[in-house]
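> How does the following fold in three dimensions:
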Amino acid sequence: MILLVAITATVARFGAPAAVVSAQDVQDHKQSAPTQPASQKGDKVFASSCAGCHGLDGRGGDRAPSIATGRVQRLSDSQIFGIVQHGITGTGMPAFHSLSESEINSVVAYLRVLQGAKETIALPGDANRGKALFFGKAGCSACHMAAGQGGFIASDLSSYARTHSVDEARSAITNPNPNGDRLARTATVTTSDGNKFVGRVRNEDNFSLQLQDLDGAFHLLAKSDIKRLEYNSQSMMPSNYGSTLSSGELNDVISYLMNVANGGESGTPQAETPKENPEED
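Got it, this is the predicted structure:
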């Protein structure tokens, strides 16, 4: 049991039942995901108990990592059964004591179906060129991190393409929402004694505010000491990528993000890459 916990604790949290998955999402997924008689019951249990965190395809989301790929695939059925039944101590993976043994077995069977359903999605561009752009001309790495490299002031994009389509990624790059979450914009805090701090507000409650400045340092400020808090009206995301990057270059950057999200080594595409990458003015 100690060995199992040691293995699984570094693998994945299997998911909590708190999040809600709509019936339409389940139906859409059933139309695209293969099923087997042994897992027909499992897909329903998975959708209600696991998909809220791990996604309907098991490939993870904001709440939990992928369990359809990677190390989880190498665990035995009995190991996965134990994780579902008993959870993982010290993590967000709960124990599903409410599920019967047959239900857990059906979930394991369905997970094996998901793990075997590897859909290859052609990259829209070249991941190698995209990596060079991400860390070079496009300047994405000045704020964003990918595959453990890059900046910290903006969101980590390592798993972004796992939950966003090519069109969604392109739109986010070329048309950043200026009216989005204010916490995504930089803020200037002026204290009562005249000090100013510029950066991202990371946490805020009724009594204090935590700000990370552009150098990475964190500042915990009492609300009573803050004279003025101003959010920049502009998103930190440049709004001119539609003109500074060609259509082909945008496809290359998106391909790099897709490659990273699929677990590819940096610069080594894991999906099919088109032989030609047409550039559009």
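
> Show me the strands in the stretch 51-200 of the chain, by range?
145-146, 149-150, 187-191, 196-204 (DSSP state E, counting those that start in this stretch).

> Sheet-wise, list the partners of the last one with their directions.
This points to strand 196-204. Take DSSP bridges as the rule and strand 196-204 pairs in its sheet with strand 187-191 (antiparallel), strand 208-213 (antiparallel).

> Could I get the buried residue list for it?
Under the neighbour-count criterion of 16 or more other C-beta atoms under 10 Å, strand 196-204 has 197, 199, 200, 201 buried. Quick note: C-beta positions are derived from backbone N, CA and C, even for glycine.

> Need the residues that contact it.
For strand 196-204, the external contacting residues (C-beta atoms under 8 Å, 6 or more residues apart in numbering) are 153, 183, 186-191, 209-214, 218-219, 221.

> what about 6 Å?
Identification of contacts with strand 196-204 by C-beta atoms under 6 Å, 6 or more residues apart in numbering yields 153, 183, 187, 188, 189, 190, 210, 211, 212, 213, 214, 219.

> same question, the second one
Under the contact criterion C-beta under 6 Å, 6+ apart, strand 149-150 has outside partners 141, 144.

> What pairs with that strand, parallel or antiparallel?
Assessed with DSSP bridges, strand 149-150 is paired to strand 145-146 (antiparallel).

> residues making contact with the partner strand?
Residues outside strand 145-146 that contact it (C-beta under 6 Å, 6+ apart) are 156, 157, 158, 260.

> Just the buried subset of those, please.
Buried among the contacts of strand 145-146 (16+ other C-beta under 10 Å): 157, 158, 260.

> wait, what's in contact with the first one?
When contacts are counted by C-beta under 6 Å, 6+ apart, residue 157 is found next to 144, 146, 257.

> For the first one, grab phi and psi.
According to degrees, to the nearest 10, the main-chain angles of residue 144 amount to phi -100, psi 150.

> so what's it up against?
So residue 144 contacts 150, 151, 154, 157 (C-beta under 6 Å, 6+ apart).

> Ok, the last one next?
Applying C-beta under 6 Å, 6+ apart, we find residue 257 in contact with 157, 160, 161.

> so it sits in a strand?
No - counting by DSSP: H, G, I helix; E, B strand; the rest coil, residue 257 is not found in a strand; it is helix.

> Look at residue 49 and say how many residues are nearby.
Residue 49 is flanked by 23 other residues according to other C-beta atoms under 10 Å.
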